[in-house]
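In: just coords:
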């Protein structure tokens with residue numbers, strides 16, 4: 001697969017790259033006295049001095065990820081590419097964390113920051129041991145806007161505000177170590193900028209695109225309030241030191257050659273201070289996949305746009321010719337190399353050893369990190385059905401774990417994560433059940449998640465009949481969708497459906513489902529089946545599935561909430577994955593269920609709207625769904641105002657517009673006095689101490705019309721509430737909640753009647769707390 005080829009290339013680059021060396025601390029070398037080695041000077045002066053000493057050959061050779069030795073500076077070659085989305089991807093054993101599609105369900109900024117810090121700490125410890133570099137291409141903060149996208153496993157969810165907060169806190173943890181406030185612990189990189197949310201799909205009518213060839217046709221409105229918002233948070237509030245431009249075109253311009261995206265917005269508007277890498281091969285795609293420009297013009301456009309380093313060999317090979325043909329100057333190359341050196345300087349590569357260099361390799365796979373990884377699943381798994389308290393399970397009952405994912409663990413470890421988990425330990429759902437269960441048996445029932453071989457179902461049924469309780473381990477794995485492969489559909493495979501029906505009918509008691517899934521599938525059959533008593537939605541936790549034991553047996557109450565909308569199966573017939581529109585409307589692409597081999601003869605699809613913000617149909621499971629083993633009640637601690645003036649918003653937006661800014665600063669917005677603040681008393685009315693997530697939603701004036709979202713997530717807070725006690729949560733909508741971007745992407749104040757919700761209506765009947773407040777903005 002393309003992913004395997006790319007990872008093999010990474011291995012070759014790492015093998016060819018020399019160990020990190022610091023010639024600035026050797027007083028016997030001439031470099032010691034050179035300005036770039038002087039920590040008392042500013043970053044710009046040091047970077048400029050370093051680049052000025054390089055030969056032209058050294059300069060062009062270091063426009064690529066693998067880099068080359070810089071003899072002029074006494075530096076070994078440096079590799080810019082390493083991965084760390086769910087743990088440091090390294091030949092050494094490192095801590096494996098749940099994938100972001102799982103931890104996104106925790107709605108816990110403290111957890112996201114702690115996970116980022118743990119991964120960044122292990123990265124630095126391995127750097128110090130000479131076993132890792134310093135620049136890691138994580139997190140992925142594209143939206144899970146489409147249930148068929150192959151890389152949903154790598155992202156925290158579908159909502160731009162939630163994804164932006166994940167980016168902010170993961171990056172803060174990853175880069176900022178309390179031991180050293182003056183240097184970056186490890187460099188994070190928010191990717192894929194922007195709108196990289198399809199991989200490779202061929203529709204029945206023959207329409208076919210890959211991420212290398214697709215032109216994402218997106219309105220400015222959708223770009224501003226959906227696709228680009230997580231990256232704005234990552235840059236402005238996460239202070240990330242790296243961005244990755246994506247393979248795709250955006251409105252006719254390849255991302256890595258898009259000056260508006262990279263320079264005018266990211267650097268000039270958002271204040272991005274870091275390096276920009278291409279995705280691997282994306283710069284070559286400008287010429288060979290998109291046909292956007294010839295090699296000389298491509299080099300000119302890529303450097304001019306602000307891409308600093310090429311994950312590939314295109315720039316190294318083409319820059320020399322472009323320079324010779326006067327399409328670029330040596331100063332154009334210097335500008336990009338200076339950005340790279342600034343990041344290495346911020347990492348402390350050329351400073352005297354400090355606190356970060358003291359992290360020992362023994363910190364990798366620490367007991368605290370392993371416990372945090374397991375707790376990541378415990379905090380995140382969402383209980384979306386629990387009829388008559390099917391769960392928690394009794395520790396004295398015999399349990400049968402049945403399903404093709406009963407042993408899913410090892411197969412999902414290495415994907416953008418550790419090559420080997422700590423202690424080479426690969427616990428499964430069977431092991432989790434055995435942690436507290438008195439007697440546990442297991443069977444696959446069907447050999448794999450997509451298999452229609454049902455010959456193993458009778459044995460599984462016999463196992464179910466013999467056990468007191470049954471846990472069905474079903475859903476998907478990485479064979480369903482992954483990098484370079486989009487999912488073909490959103491329905492549960494027939495073999496699993498046959499297994500589910502047979503086992504549920506045979507079981508003595510209502511069955512508990514543990515559903516592994518990064519790509520939301522229509523589970524209406526499970527939700528409506530009276531034999532299915534409980535459903536845990538766990539995303540893709542890999543080895544951390546062991547952390548579900550505490551939830552299954554009631555040691556801890558579940559608190560996770562759904563991070564994506566689960567659509568009915570008909571959704572996949574209505575709208576093509578090639579259509580990047582977020583808002584409902586007629587598509588330019590054919591309906592995906594059209595089987596004519598002439599696309600022009602197919603009826604156009606209809607976009608029903610994507611994500612909870614715009615989906616006009618009835619969700620099978622809504623965004624934000626999640627139950628508990630206890631119950632909650634919400635009340636306002638004080639009476640909120642019922643009218644607000646938007647004069648402050650008018651002034652702020654006018655000032656931003658006069659300065660030529662399309663993206664009002666998130667930091668500046670947060671510093672303004674909120675128009676309304678909500679104090680919500682959360683009372684645990686049950687008998688069990690539990691965590692609880694309060695979701696704050698806005699229903700704006702004209703919701704669902706003229707491009708206005710149906711609802712928007714404006715805030716969330718996770719708190720621990722003891723039985724019978726009350727905790728007050730403070731949430732307030734930012735000024736941007738009272739604005740709406742037009743088709744041109746320019747935000748304007750939105751006057752009228754607002755409804756602010758706390759909790760979601762679908763969980764109210766389950767005792768999860770729900771509160772509404774209406775106000776008028778004028």
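Out: That came in fine, so what should we check first? All figures in this text were calculated on a predicted structure; none of them were measured in a lab. Numbering: from 1, shown residues only.
In: Which parts of the stretch 151-300 of the chain are strands?
Out: 190-193, 200-202, 208-210, 215-216, 242-245, 249-250, 253-254, 275-278 (DSSP state E, counting those that start in this stretch).
In: can you list the residues that contact the fifth one?
Out: Right, strand 242-245. Residues lying outside strand 242-245 but in contact with it, judged by C-beta atoms under 8 Å, 6 or more residues apart in numbering, are 135, 137, 187-193, 231, 234-235, 255-256, 258, 261-262, 266, 272, 274-279, 282, 305, 307, 343. For every residue, glycine as well, the C-beta is placed using N, CA and C.
In: Contacts only, for residue 587.
Out: By C-beta under 8 Å, 6+ apart, the neighbours of residue 587 are 575-576, 579, 581, 604-607.
In: Closest to residue 663 out of those?
Out: residue 581 (20.3 Å; C-beta to C-beta).
In: Skipping its backbone neighbours, what lies nearest that closest one in space?
Out: residue 607 (5.1 Å; C-beta to C-beta, 6 or more residues apart in numbering).
In: right, and the one you found touches residue 579 too?
Out: Yes. At 5.9 Å, residue 607 and residue 579 qualify as touching, with contact defined as C-beta atoms under 8 Å.
In: can you confirm residue 707 is in a strand?
Out: No. If the criterion is DSSP: H, G, I helix; E, B strand; the rest coil, then residue 707 is coil and not within a strand.
In: what number of residues lie near it?
Out: Residue 707 has 19 neighbouring residues, counting by other C-beta atoms under 10 Å.
In: show me what contacts it?
Out: Residue 707 sits next to 221, 583, 740, 742-743 when contact means C-beta under 8 Å, 6+ apart.
In: Where do the strands of the stretch 601-750 of the chain begin and end?
Out: Using DSSP E, counting those that start in this stretch, strands in the stretch 601-750 of the chain cover 604-607, 632-636, 643-644, 678-684, 690-699, 712-721, 726-731, 739-741, 747-749.
In: what sits up against the last one?
Out: With contacts defined as C-beta under 8 Å, 6+ apart, strand 747-749 is touched by 224, 646, 649-650, 653, 664, 736, 738-742, 777.
In: quick one: which of these is nearest residue 62?
Out: residue 224 (35.0 Å).
In: Which parts of the stretch 301-450 of the chain are helices?
Out: With DSSP state H, counting those that start in this stretch as the criterion, the stretch 301-450 of the chain has helices at 314-324, 330-346, 367-380, 429-436.
In: helices or strands up against the second one?
Out: Packing partners of helix 330-346 (3 or more C-beta pairs under 8 Å, 6 or more residues apart in numbering; DSSP states H and E): helix 43-52, helix 56-61, strand 275-278, helix 295-305, helix 314-324.
In: Quick one, which of the ones you listed gets closest to residue 168.
Out: Across those, closest to residue 168 is strand 275-278 (C-beta to C-beta), at 19.0 Å.
In: I'd guessed residue 529 sits against residue 504; true?
Out: Yes. With contact defined as C-beta under 8 Å, residue 529 and residue 504 form a contacting pair (6.2 Å).
In: What separation do you get for residue 478 and residue 766?
Out: Distance, residue 478 to residue 766, by C-beta to C-beta, to the nearest Å: 33 Å.
In: before we move on, what about residue 604?
Out: 40 Å.
In: Check residue 139 too.
Out: 32 Å.
In: Likewise for residue 322?
Out: 62 Å.
In: More neighbours: which of the two?
Out: residue 322 (24 against 17).
In: residues touching the more buried one, list them.
Out: Counted by C-beta under 8 Å, 6+ apart, residue 322 has contacts 295-296, 299-300, 328.
In: Quick check: of those residues, which lies closest to residue 371?
Out: Of all these, the one sitting nearest residue 371 is residue 299; the distance, using C-beta to C-beta, is 49.2 Å.
In: Quick check, pLDDT for the spatially closest residue to residue 427 that is not a sequence neighbour.
Out: In this structure, residue 427 finds its nearest non-sequential neighbour in residue 546, 4.0 Å apart by C-beta to C-beta, 6+ apart. pLDDT for residue 546: 98.
In: So in this structure, which helix runs the longest?
Out: For the chain, the longest helix by residue count, based on DSSP state H, is helix 109-128.
In: what helices or strands is it leaning on?
Out: helix 100-103, helix 160-175, helix 367-380.
In: Could you list the residues in contact with the last one?
Out: If you take C-beta under 8 Å, 6+ apart as the criterion, helix 367-380 is touched by 87, 95-98, 102-106, 108, 111, 114-115, 118, 121-122, 422, 538-539, 541, 543-548, 550-551, 556, 559-560, 691.
In: tell me, what residue is most central in this protein?
Out: Geometric centre of the chain, nearest residue: residue 155, 2.1 Å, by C-alpha atoms, centre = their mean.
In: which ones are touching that residue?
Out: Applying C-beta under 8 Å, 6+ apart to residue 155 gives the contacts 100-101, 104, 140-144, 163.
In: repeat that for 7 Å
Out: With contact set as C-beta atoms under 7 Å, 6 or more residues apart in numbering, residue 155 has these partners: 100-101, 140-144, 163.
In: Just give me the neighbour total for residue 268.
Out: 14.
In: One more: residue 466?
Out: The burial count for residue 466: 12, using other C-beta under 10 Å.
In: And the one 4 residues further on, by the same measure?
Out: Counted by other C-beta under 10 Å, the residues lying close to residue 470 total 27.
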